[in-house]
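K.L.:
Give the three-dimensional model of this entry:
(chains A and B)
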Amino acid sequence: MIVVTGIYPVVYFRTPDRLGMRKLAYFFILGFACFSTPVLAISHFQFHAEKMVHNQVELSNLVLKADAKSHWQIKASATAKASTPEKLQATTKIQTSLSTQNSQFNSLRLDLNELSFEFYEQNSAQAYFAENMSAQVKTRLSFFDNQFSLSHLNVNISDGQLLSPYVYADFNQLPVNFKNGELFFDGQNLSVKQINFDDGQLQLAFKELLTDSQGLKQLVLEFDKMPLQHLLKTYISNAASVPSSLAYFDIDGAVKGKLLIKQHNLQQLAMDLDNISLSQSDNQQRMLIEIYGLDGQLVFDRNQIQSSQLSFEQANLLETIPLSRTKANFAGSAKGFYLTEPLGVPVFDGKLGISKLDIDLSTEQPKVVFNGALFPVSLELVTQALGWPVMQGQISGLIPSVVYQNGALQMDADGVLQVRAFDGELRLSDLQASHLLSAYPILQTDVELHGIDLEKLTSTFSFGKITGLLNGEIKKLLLYNWKPAAFKADFKTDIDSPSRRISQRAVDNISNLGGVGMAGALSRTFMRFFEDFGYEQLGLSCELKKGVCKMDGVAPAENGYYLVKGRGLPRIDVIAYNRETDWDQIVSKLADISKGSGPVVQ
Amino acid sequence: MKLTKHLNRLLTLILLMIVSACVTINVYFPASEAGNAAEEFVEDIINKDRVEAPKDSSLSPLTFRQQLFAWNVQLISGAHAAAPDFNIDTPEIHRIKASMQQRHEELDRFYAAGAIGFGNSGLVAWRDKNAVSLKDRGRLTQLVNAENADRNKLYKAIANANGHPEWEKQVRDIFDEKWIKKAPVGWWYQNAGGNWKQK
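P.N.:
Below is the predicted model of the structure:
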């Protein structure tokens, strides 16, 4: 039934339960036609529908009112439900009013309440969810050339939550506002000339935004003083597709910059960093890496090589290795980055010189190649930082090539790290490591020892004086979480050492490793009159696997092996009998001896 | 002459003493105990604050975690030489397990709430995303992705450690069965047909 009233009649149309949208469109056309033909002047009509369905959209409780005086005013309210299986489910309450003030544009006000949706992208696991969002949209609207044109667009989102692969937002906590928008929409693709985002702390200017069937095609984004911590904690930390370790990442400071996306790819990015600090901890709150005072100008172009520079005031690795002021100049493009100048990184009291650092981005897993050298670092500082007994000496080395890919680090066969300690030398080669900056680092290396002065070594560890020179090797030393998990070690003294003497205390300590009860064995005999004894050779080999040490000495003995082969008179031999021993127990006994708390003498 | 005689005797005595001064010290290193390494490994993983678990496997997820990492003692492959040895422990496997155990502390309540469960290929699967608020859903998605990445690495690493990379499917299948078996009451899992069942 159609009722038209007034000087001009009202058109009132009650629909049966199901009616196509096309018929509604006819009424709009009728309405506009009426506007342009004053003869059949209709001033007011209303339209109620309990339910209207068209394709995948269902409107319920639709109320449509139109008024015509000097201009048209149309108000509508409805609850809308849209559903495409496997792709989209959405519900929302809509209240809208459209007024045509003049022939140039119409003012649209659209209020969405309790907006909830689930949208699944085809061919990918990406999903977008919204729950109970409230949005108020105000805009000038016109329609021509088969598309909607919006200007002076203002969107305020004041309620609800949104979850997407890279953004999560809780608008209850922080409402957001988009303003001054100018855009075109043809039902499928969006073309935004400009729109500004503001949430009170973060302001972003979007320009030249285009979307197509594959998503975001083009974008120019400018930001001035983008607060990084706010961006991270408010929008990114709880997004769905970011790495779970991001929860332990922290950043502070603001950046200024501009980025350009074209043809679906990042084409250009320019950023100014000023005093940024960042850190990554493991999930036990231990700092893995901290960087302070990060400054720089980053310039990136997908296709053209651009130069950048970065510097930091201070950094810390694993809470133990301090790095000081470093400045890097580099260049690159989407294919990769490289240093344009050698880089010096001050470490402890020495320096890590990096002559080459290439980051190759052309493969699926980025690959880093680096060449450098370690200029002497005092062993005293290193052992102090690691909480080891303080040792005197130096670490330095030549690193011809290290490759890092997929979390694993490998030193080239020619690479050697030298440690000068106790007047002798340790050479580390064939270094492999993985997950160094994590809670579970793994490191393997081969070690060769030459000319270690036993007197200096035993005095550092308060073991009891032994003089002589020690040589040896540790093959495939595997450190798991910086503790030995496996190795094949062999130590022997040099037969040509000028002085080979072992003190009573040292002998006591060695025998103490065999358990309490041997303590002071020597002091019970007349040997107590001798402070030290000569030895021919001493040595030990141990193959560690699964917590068990398979042992051997310098020479076989009946049912056992010699740890110390005596010389001259009085002669002391130390013979061990077990071939297998518990590694952890040996380590804790050695620690006790080193601390000076030997077993009680009975 | 008497004096020299005494001196002689004394000297001889001393000489004899010196000559007989060939002391041998015997050392017995502490013996290794079979299974010590494996036990300590499990000890390191299990939280020291945990109360001793009751034998009944149908109780709290607390028990599950201990059982989760006690599997390596129970899953001895038996007489078949051509089956994977789950007692193998390399640093890489140890690292993955430690990472999984850490993460489990966060995943625990989501298993109990029925939002996620054990899928039918040894991985964690979504069962009911509406059981989780939108805010938690983002974090849970991150964790599920990371957990599945770890599980895939683990199965591959165990097969490789056995020297048979082609055993990965077999390792995965056995784990699939064990996750379901060890799941506490109330948790969900997918059967071979892909249907969700509650324990």
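
K.L.:
all helices for chain B, in order.
P.N.:
B:2-19, B:36-45, B:61-74, B:91-112, B:134-161, B:168-182 (DSSP state H).

K.L.:
now those in JSON lines, with mean neighbour count, mean pLDDT and distance to chain A?
P.N.:
Yep, even glycine has a C-beta here, placed from its N, CA and C like the rest. Shown next, in JSON lines, are the helices of chain B (neighbours: other CB atoms under 10 Å in any protein chain shown; pLDDT from 0 to 100; distance: least, CB to the nearest CB, whole Å):
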{"stretch": "helix B:2-19", "mean neighbour count": "10", "mean pLDDT": "77", "distance to chain A": "5"}
{"stretch": "helix B:36-45", "mean neighbour count": "15", "mean pLDDT": "34", "distance to chain A": "4"}
{"stretch": "helix B:61-74", "mean neighbour count": "17", "mean pLDDT": "36", "distance to chain A": "13"}
{"stretch": "helix B:91-112", "mean neighbour count": "18", "mean pLDDT": "87", "distance to chain A": "4"}
{"stretch": "helix B:134-161", "mean neighbour count": "20", "mean pLDDT": "93", "distance to chain A": "4"}
{"stretch": "helix B:168-182", "mean neighbour count": "18", "mean pLDDT": "82", "distance to chain A": "18"}
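
K.L.:
Please tabulate these in a markdown table, including the columns distance to residue A:378.
P.N.:
Output for the helices of chain B, formatted as a markdown table (distance: least, CB to CB, whole Å):
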| stretch | distance to residue A:378 |
| --- | --- |
| helix B:2-19 | 47 |
| helix B:36-45 | 34 |
| helix B:61-74 | 42 |
| helix B:91-112 | 30 |
| helix B:134-161 | 39 |
| helix B:168-182 | 48 |
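
K.L.:
So for residue A:449, which of those helices sits nearest?
P.N.:
Between residue A:449 and these, the tightest spacing by CB to CB is seen for helix B:91-112, at 23.8 Å.

K.L.:
Show me what that closest one is packed up against.
P.N.:
strand A:442-453, strand A:469-480, helix B:36-45, helix B:61-74, strand B:116-118, helix B:134-161 (3 or more CB pairs under 8 Å, 6 or more residues apart in numbering or on different chains; DSSP states H and E).

K.L.:
Could you check the angle that helix makes with helix B:134-161?
P.N.:
Angle of helix B:91-112 versus helix B:134-161, following axes from the mean of the first three to the mean of the last three CA atoms, to 10 degrees, is 150 degrees.

K.L.:
For helix B:91-112, C-alpha coordinates in CSV please.
P.N.:
C-alpha atoms of helix B:91-112 as CSV (Å, rounded to 0.1, in the frame of the first residue of the first chain):
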residue,chain,number,x,y,z
PRO,B,91,71.8,-29.5,22.0
GLU,B,92,69.4,-28.6,19.2
ILE,B,93,66.7,-30.9,20.5
HIS,B,94,67.3,-29.7,24.1
ARG,B,95,67.0,-26.2,22.9
ILE,B,96,63.7,-26.8,21.2
LYS,B,97,62.3,-28.6,24.2
ALA,B,98,63.3,-25.8,26.5
SER,B,99,61.6,-23.3,24.2
MET,B,100,58.5,-25.4,24.1
GLN,B,101,58.3,-25.8,27.9
GLN,B,102,58.6,-22.0,28.4
ARG,B,103,55.8,-21.4,25.9
HIS,B,104,53.7,-24.1,27.5
GLU,B,105,53.2,-21.9,30.6
GLU,B,106,51.3,-19.4,28.5
LEU,B,107,49.5,-22.0,26.4
ASP,B,108,48.2,-24.0,29.3
ARG,B,109,45.0,-22.1,30.0
PHE,B,110,44.0,-22.0,26.3
TYR,B,111,44.2,-25.8,26.1
ALA,B,112,41.9,-26.0,29.2
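
K.L.:
Run the angle between that helix and strand A:442-453 for me.
P.N.:
140 degrees.

K.L.:
what residues does helix B:91-112 touch?
P.N.:
A:244, A:283-284, A:434-435, A:439-440, A:442, A:478, A:480, A:485, B:41, B:45, B:61, B:65, B:68-69, B:116-117, B:124, B:132, B:136, B:139-140, B:143-144, B:146-147, B:150-151, B:153-154, B:157-158, B:161, B:183, B:186-188 (CB atoms under 8 Å, 6 or more residues apart in numbering or on different chains).

K.L.:
By mean pLDDT, flag the weakest helix or strand of chain A.
P.N.:
For chain A, the helix or strand with the lowest mean confidence is strand A:10-14, at a mean of 41 (criterion: mean pLDDT, DSSP states H and E).

K.L.:
Return the distance of the closest residue to residue A:112 other than its chain neighbours relative to residue A:556.
P.N.:
Once flanking residues are discounted, residue A:112 sits nearest to residue A:135: 4.6 Å by CB to CB, 6 or more residues apart in numbering or on different chains. Using CB to CB, to the nearest Å, one gets 86 Å for the distance from residue A:135 to residue A:556.

K.L.:
And the two? Which one has more around it.
P.N.:
The neighbour count for residue A:135 versus residue A:556, taken as other CB atoms under 10 Å in any protein chain shown, is higher for residue A:135 (21 against 11).

K.L.:
For residue A:95, see how far away the more buried one is.
P.N.:
11 Å.

K.L.:
Common neighbours of these two, please.
P.N.:
A:110-111.
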